[in-house]
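Requesting a structural model of the entry that follows:
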Amino acid sequence: MRIAVYDLDNTLTRRATFTPFLVFAARRIAPWRLAFLPLWVALMLSYRLGLCDRTALKTRGMLLMLGRADIAKLEELGRQFADRRVASGGFMPATLALLEEDRSRGACLVIATAAFEFYAKAFAGYLGIETVISTRWDGCSIEGGNCYGETKLARVRQWAEAQGVSLDDVQLRFVSDSFADEPLLELANDPVFISASAGKRKRAIARGWHALSAD
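Numbers count the residues shown, from 1 in each chain. So this is what the prediction gives:
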């Protein structure tokens with residue numbers, strides 16, 4: 001069995017999605033919350049300084065910019081957000097070529113991302129990918145933690161086990177732009193690191209991963 005797992009932000013999509021989605025959704029749910037953008041920037045800085053983890057950061061961002069918005073409303077806005085991104089050439093051509101290669105080889109296609117489920121699934125729909133492993137929002141908190149790093153690996157393992165397979169017994173390709181995805185990249189038979197940065201690609205090659213230019 002062949003499984004091909006793809007990250008979303010800066011891997012399938014050209015750019016990150018979370019802050020742009022917060023702005024997009026706030027503008028439609030409660031435009032007055034856009035006045036909190038400087039506070040959101042300060043929160044991101046606090047994360048970079050190690051004062052909070054990514055789960056806490058994203059929880060605060062959601063509550064700050066969108067409040068306790070209804071999940072159905074977030075899903076609707078997620079579809080609109082994906083529509084706009086895709087219409088403006090939001091996908092990475094080099095990664096799409098890999099995806100079509102995997103599709104032609106009969107691989108089981110999966111998106112595993114720290115992006116929130118309510119818009120990650122909208123992007124996946126454009127790509128014909130049914131399986132999305134992502135960060136889950138219950139309206140006020142993140143269920144099970146941010147789907148990132150070791151948590152992402154654990155979530156992918158859980159999904160595979162639910163299909164009756166072990167990741168250790170399949171041909172696994174994993175594609176990402178982030179060194180935070182090292183747990184999955186190290187596990188994969190075919191780890192692919194994609195980046196516009198020659199320096200990052202060089203680091204990836206030194207770890208034994210394939211490197212692909214995002215240019």
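
Going by C-alpha atoms from here, please, whenever you check contacts or count neighbours.
Noted.

remind me, longest strand of the chain?
strand 108-116 (DSSP state E).

which ones are touching the most centrally placed residue in the chain?
Geometric centre of the chain, nearest residue: Thr113, 2.9 Å, by Cα atoms, centre = their mean. By Cα atoms under 8 Å, 6 or more residues apart in numbering, the contact list for Thr113 reads Tyr6, Asp7, Leu8, Asp9, Ala120, Val132, Ile133, Ser134, Thr135, Cys147, Tyr148, Lys152.

Now the element after the longest strand of the chain, going C-ward?
helix 117-127 (DSSP states H and E).

The chain: strands as residue ranges?
Under DSSP E, the chain gives strands at 2-6, 108-116, 131-137, 142-143, 171-176, 190-195, 210-213.

quick one: which of those is nearest Tyr47?
strand 108-116 (15.6 Å; Cα to Cα).

angle of the closest one against helix 117-127?
150 degrees (axes from the mean of the first three to the mean of the last three Cα atoms, to 10 degrees).

Got the confidence number for the residue located most distally from the centre of the chain?
Of all residues in the chain, Trp32 has its C-alpha farthest from the mean position, at 27.8 Å, by Cα atoms, centre = their mean. On pLDDT, Trp32 comes in at 98.

Now do the buried residues in stretch 43-57.
Neighbour-count burial for stretch 43-57 flags Leu43, Met44, Arg54, Thr55, Ala56, Leu57 (criterion: 16 or more other Cα atoms under 10 Å).

export it as CSV, just CAs?
Taking C-alpha atoms only, stretch 43-57 is exported to CSV below (Å, rounded to 0.1, in the frame of the first residue of the first chain):
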residue,chain,number,x,y,z
LEU,A,43,0.6,37.5,20.6
MET,A,44,2.5,36.0,17.7
LEU,A,45,5.6,37.8,19.0
SER,A,46,5.0,36.3,22.4
TYR,A,47,4.9,32.8,20.8
ARG,A,48,8.3,33.4,19.1
LEU,A,49,9.7,34.5,22.4
GLY,A,50,8.6,31.2,23.9
LEU,A,51,5.9,32.7,26.2
CYS,A,52,3.1,30.4,24.9
ASP,A,53,2.7,27.3,22.8
ARG,A,54,1.0,27.1,19.4
THR,A,55,-2.2,25.7,20.8
ALA,A,56,-2.6,28.6,23.2
LEU,A,57,-1.6,31.1,20.5
